[in-house]
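Chemist: Predicted model and sequence below, questions to follow.
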Amino acid sequence: MFSFFVSFVVSALLTLLIVKHSKLHGAALDDNFNGVQKVHQHAVARIGGLPIFLAVALSAGISVWRVPTLGSGLVALLGCSAIAFIGGIVEDYTGTVRPSRRLILTMAAALLGYLVLGAKIARLDMPFVSWSLDSLWLVLPLTVLAVAGIANAVNIIDGFNGLASVVTIFMLLSLAYVGWQVEDMFVLVSALTVAGATAGFLVWNYPVGLIFLGDGGAYFIGFMLGELALLLVMRNPQVSTWYAALLLIYPTFETVFSVYRRMFVRGKSPTMPDGIHLHSLIFRRIVQWTVGRKEARALMKRNARTSPYLWLFSLTAVIPATVFWRNTGILIFFCLLFIISYVWLYARIVRFKSPRWLIWHKKH
C-alpha cells in the first residue's frame, strides 16, 4: 500500500497545481461545448494524464529504491507506456494527432512491451485444457491489437466525470489482489502505483470536473491495464486467461459494440465520434432527477450522477473475475452473461424502455 499512498499524494498535489494554474495550459483547455460527446459548460484542462504519469514515474522510482529487484521491469514498463502516453498528451495540447496515429503509437508501445517485457498472449485456457500459442505470426498481432485495443477502449469510456477513472481503479485493484494471491510482486506494486495516481487525479475530477483525464491519461492507464493483465496471466499459469478477458470486458465490449454499430448499423467510419454510447444513453434517458438541460449547474449534477450507474455495471464483471480468477468455466459463463446483459440493457434504453429499477428516482 506504500506505492498506492505515495502515487496518490503526488498525483493529487500535481493535479491541484494544474487546476490552480489552468490558464497557463490554454492550448489544452477543453472549451468546445458543442461536440456530440460534450456534457460540460465551462473550460476545463484536459491534461489529467500528465500528473498521473509523473506520479507513477516518481512512485516507481521510490519503489525501485526500496526494492531494487523491481528496477528493470518498472523502468521497461514505464518506457513502453511513455510511447502511448506521448501520442495522447500531444493530442490534448494540440488537437492535431489523428486517432489512427495515436493507435499506431500505442501498437508500437505494445510491440516494445512484447520485446522487452515478454508481455504476450501465449496461451488460451479452456475448461479441462489449455492451448499453447507458439506461432509468432499469431501471437504478435494478437498481442499488439489486444493491448492497443484496451488503451483505446479506456479512452472511449472516458465520457463523464469519474467514469473511466473509477472503473480502471476497480480493475487495477483486482490485478493487485490477484498478483498478491500468486505472489507476483511486480504486478502488485505496478497496479497499486497506477491505481493510486488515478485516485489522486479523481479527487479533482469527480464530481465537479475541475480537470479531465484527456487522451494522454486514458491511453496511459489503458496501456498499463493491458500490459499488467497480460503479464499477470502469462507469468502465472494458475491465473486463467479468461480472468483478463472478464476483468477488461466492459471497455472492450463497449468498443467492439461501438465499431459494429457505427460500421454496420449506421454505415459510418468506426472512428467517427457519436453520442449514443451506453454511458451517453444513460445520461440522456435515465438520469432525469435534476431540472434543466442547459444550465451549467444542472448539467454538472447530471454528469456526476451518470458515472455511478456504469461503476456498478462494471463491477458485475470485475467482482466475479476477482473471485473466480482461476476457474475458467465460471469466468467464461460470466463473460457471456455480461455481453447478454449489455446488449439487453442497451436495446431497452435506446428504445425508451429503460428497466424500472434504473429509474427509481421518479417515485421519490
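Modeler: Received the coordinates, thanks.

Chemist: Torsion angles phi and psi at W131?
Modeler: For W131, the backbone dihedrals (degrees, to the nearest 10) come out as phi -90, psi 130.

Chemist: what bridges to it?
Modeler: When bridges are called by DSSP bridges, W131 pairs up with L124.

Chemist: Report how many residues lie close to it.
Modeler: W131 is flanked by 10 other residues according to other CB atoms under 10 Å. For the C-beta atoms, the positions are set from N, CA and C on the backbone; glycine is no exception.

Chemist: what packs against the one helix or strand F5 maps to?
Modeler: Secondary structure from DSSP states H and E places F5 in helix 2-20. If you count contacts as 3 or more CB pairs under 8 Å, 6 or more residues apart in numbering; DSSP states H and E, helix 2-20 packs onto helix 49-66, helix 185-205.

Chemist: Next, format those as CSV and append mean neighbour count and distance to V259.
Modeler: As requested, the helices and strands packed on helix 2-20 are exported to CSV (neighbours: other CB atoms under 10 Å; distance: least, CB to CB, whole Å):
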stretch, mean neighbour count, distance to V259
helix 49-66, 21, 24
helix 185-205, 26, 26
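
Chemist: For L77, which of these is the nearest?
Modeler: Comparing the helices and strands packed on helix 2-20 against L77 with CB to CB, the closest turns out to be helix 185-205 (6.4 Å).

Chemist: Give the other helices and strands that the closest one contacts.
Modeler: Using 3+ CB pairs under 8 Å, 6+ apart: helix 185-205 touches helix 2-20, helix 49-66, helix 71-94, helix 163-181, helix 214-235.

Chemist: Going by neighbour count, which residues in stretch 120-130 are buried?
Modeler: For stretch 120-130, a neighbour-count test (16 or more other CB atoms under 10 Å) marks 120-122, 124-125 as buried.

Chemist: Now stretch 250-263: average pLDDT?
Modeler: The average pLDDT for stretch 250-263 rounds to 87.

Chemist: between the buried residues of stretch 120-130, which is nearest L140?
Modeler: Nearest to L140 among these, counting by CB to CB, is K120 at 7.4 Å.

Chemist: would you say the closest one is within a helix?
Modeler: No. According to DSSP: H, G, I helix; E, B strand; the rest coil, K120 belongs to no helix; its state is coil.

Chemist: Could I get the phi/psi values of P127?
Modeler: Main-chain dihedrals, P127, degrees, to the nearest 10: phi -50, psi 120.

Chemist: from now on call the first residue 17
Modeler: Happy to do that; since the first residue is 17 now, the last one works out to P143.

Chemist: Tell me how far it lies from T344.
Modeler: 5 Å (CB to CB, to the nearest Å).

Chemist: Remind me what the longest helix seen in the chain packs against, helices and strands.
Modeler: Using DSSP state H, we find that the single longest helix of the chain is helix 312-339. Here helix 312-339 touches helix 179-197, helix 257-263, helix 265-276, helix 294-301, helix 344-366, going by 3+ CB pairs under 8 Å, 6+ apart.

Chemist: what inclination does the fourth one have with respect to helix 179-197?
Modeler: To tie it back to what came earlier, the one meant is helix 294-301. 140 degrees (axes from the mean of the first three to the mean of the last three CA atoms, to 10 degrees).

Chemist: May I see the buried residues of stretch 152-161?
Modeler: Buried, per 16+ other CB under 10 Å, within stretch 152-161: 155-156, 158-160.

Chemist: now, among the residues you listed, which is nearest to N252?
Modeler: T159 (17.1 Å).

Chemist: where's the closest one, which helix or strand?
Modeler: Assigned by DSSP H and E, T159 belongs to helix 152-173.

Chemist: Determine the set of other helices and strands touching that helix.
Modeler: Applying 3+ CB pairs under 8 Å, 6+ apart, one finds that helix 152-173 contacts helix 115-132, helix 179-197, helix 230-251, helix 265-276.
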